[in-house]
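Asker: Need coordinates for the below:
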Amino acid sequence: MRCVVIDDEPFALDLIKDYIQRTPFLELVQLYSNPFKALDFLNKEKVDLIFLDINMPELSGIQLIKTLHIPPMVIFTTAYPEFAAESYEYSAVDYLIKPIKYERFLKAVNKASGTLCSASLQTRQQAPKPGEKTDNSMFIKSGTQLVKISPDEITYIEAAGNYMCFHTRERKVMALFTMNEVLDLLPDDEFVRIHKSYIISLKHLESVDRHDVVAGGKLIPIGVTYREHFLAKTKR
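Answerer: Numbering: from 1, shown residues only. Below you'll find the model as predicted:
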C-alpha cells in the first residue's frame, strides 16, 4: 500500500516512517509536516493510505480530509482521544493514540489492508477462476519477525497468557494480541469464539459434540457462555 504521513511533529513523522519501513506490504511515498503541501500532493497523486495527525495549526487533519473529493483510507494519529468519535464520521480505518506502539500500528494497517483487498475484489469485472487463490494474508508480529499468515490456513487460535497462538496444520505462530483484537482481524463469517481461551475456524471444524468440538485435529471445549452463539453460527 502506498502511504503518506502528515504530522507537524518531527518525532511522530520519524516514528511512523520507521514503522512503515518495517512493514513489508507498506510503501512510504511522502512525509509532510506542512498540511497545505500535503493537500497539494494528494490532489495530484493517488495513494492508498494516509497517516494523518488531527491537531495541526492552521489546517487540522479533519479539515484536510473534508477538502478531498475522494479521500484515500485514513488512519488518524493524535495525542487527544477526545477526537476519536468525530474522526470516525470520515470513515477512518483506525485511530491511533500517541505514543503509538508498533503492535497497535500493525493492527491498524492490517485492517486497512483487509479493506483495500475487499474493495479490490468488489471492483473486479470477472469472478476468480476455480482454483485461483486470493491473497488475503496478514502480517503478524511474532517476536522480532513479521510472519505472513492467511486466515484460510488457521485451524484455531488459543489464548496463552498475554499472547495468542495461531495454529495451522504445519506451524504455530505466537503473537502479542488480546482475544478481541484477534476477532477484529479475522473474517466474522469464518471464525467463532467457543471458549474464553479458543477461537476456531469453521472451515476446519471436523466434528461437534455436546460439550466440545474437533478443529485442526484438536479437541476443544465449548464454553457455556459461547454455546448459543456457536450453535447459531453452525445452524445446529
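Asker: Quick one, grab the pLDDT at the residue lying closest to residue 162 once chain neighbours are set aside.
Answerer: Computed as Cβ to Cβ, 6 or more residues apart in numbering, the closest residue to residue 162 that is not its neighbour in sequence is residue 176, at 6.3 Å. No exception for glycine: its C-beta is placed from N, CA and C like everyone else's. pLDDT, residue 176: 86.
Asker: pLDDT score for the spatially closest residue to residue 60 that is not a sequence neighbour?
Answerer: Once flanking residues are discounted, residue 60 sits nearest to residue 54: 5.8 Å by Cβ to Cβ, 6+ apart. Residue 54 is assigned 89 on the pLDDT scale.
Asker: Any buried residues in stretch 22-41, and which?
Answerer: By neighbour count with 16 or more other Cβ atoms under 10 Å, stretch 22-41 contains the buried residues 23, 25-26, 28-33, 35, 38-39.
Asker: An error on my part: the question was meant for stretch 192-203.
Answerer: Applying 16+ other Cβ under 10 Å to stretch 192-203 flags 192-195, 198-201 as buried.
Asker: if we can go back for a sec, what's the burial count for the residue nearest to residue 60?
Answerer: The number of residues packed near residue 54 is 23, by other Cβ atoms under 10 Å.
Asker: Let's verify the residue nearest the centre of the chain: helix, strand, or coil?
Answerer: Centroid-nearest residue in the chain, with Cα atoms, centre = their mean: residue 111, separated by 2.4 Å. Classification of residue 111 using DSSP: H, G, I helix; E, B strand; the rest coil returns helix.
Asker: Could you double-check that it lies in contact with residue 185?
Answerer: Yes - with contact defined as Cβ atoms under 8 Å, residue 111 counts as touching residue 185 (7.3 Å).
Asker: need the next SSE after the helix or strand hosting residue 148, C-terminal direction.
Answerer: Residue 148 belongs to strand 145-149 when assigned by DSSP states H and E. Next helix or strand after strand 145-149 toward the C-terminus (DSSP H and E): strand 156-160.
Asker: Now find how far off-centre that following strand is within its chain.
Answerer: Strand 156-160 sits 18 Å away from the centroid of its parent chain (Cα atoms, centre = their mean, to the nearest Å).
Asker: show me the contacts for the closest residue to residue 223 other than its chain neighbours.
Answerer: Leaving aside its sequence neighbours, residue 223 sits nearest to residue 195 (Cβ to Cβ, 6+ apart; 4.1 Å). Neighbouring residues of residue 195 by Cβ atoms under 8 Å, 6 or more residues apart in numbering: 220-223, 226.
Asker: how near is residue 195 to residue 26?
Answerer: 35 Å (Cβ to Cβ, to the nearest Å).
Asker: try residue 177
Answerer: In terms of Cβ to Cβ, residue 177 sits 20 Å off from residue 26.
Asker: before we move on, back to that, rebuild the buried residues of stretch 22-41 as TSV, extending it with pLDDT, distance to residue 210 and secondary structure.
Answerer: Below are those laid out as TSV (pLDDT from 0 to 100; distance: Cβ to Cβ, whole Å; DSSP: H, G, I helix; E, B strand; the rest coil):
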residue	pLDDT	distance to residue 210	secondary structure
23	91	44	coil
25	87	43	coil
26	92	46	coil
28	96	53	strand
29	96	55	strand
30	96	58	strand
31	97	58	strand
32	96	59	strand
33	95	61	coil
35	93	60	helix
38	94	59	helix
39	91	61	helix
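Asker: Wait, a strand at residue 192?
Answerer: Yes - counting by three-state DSSP, residue 192 is found in a strand.
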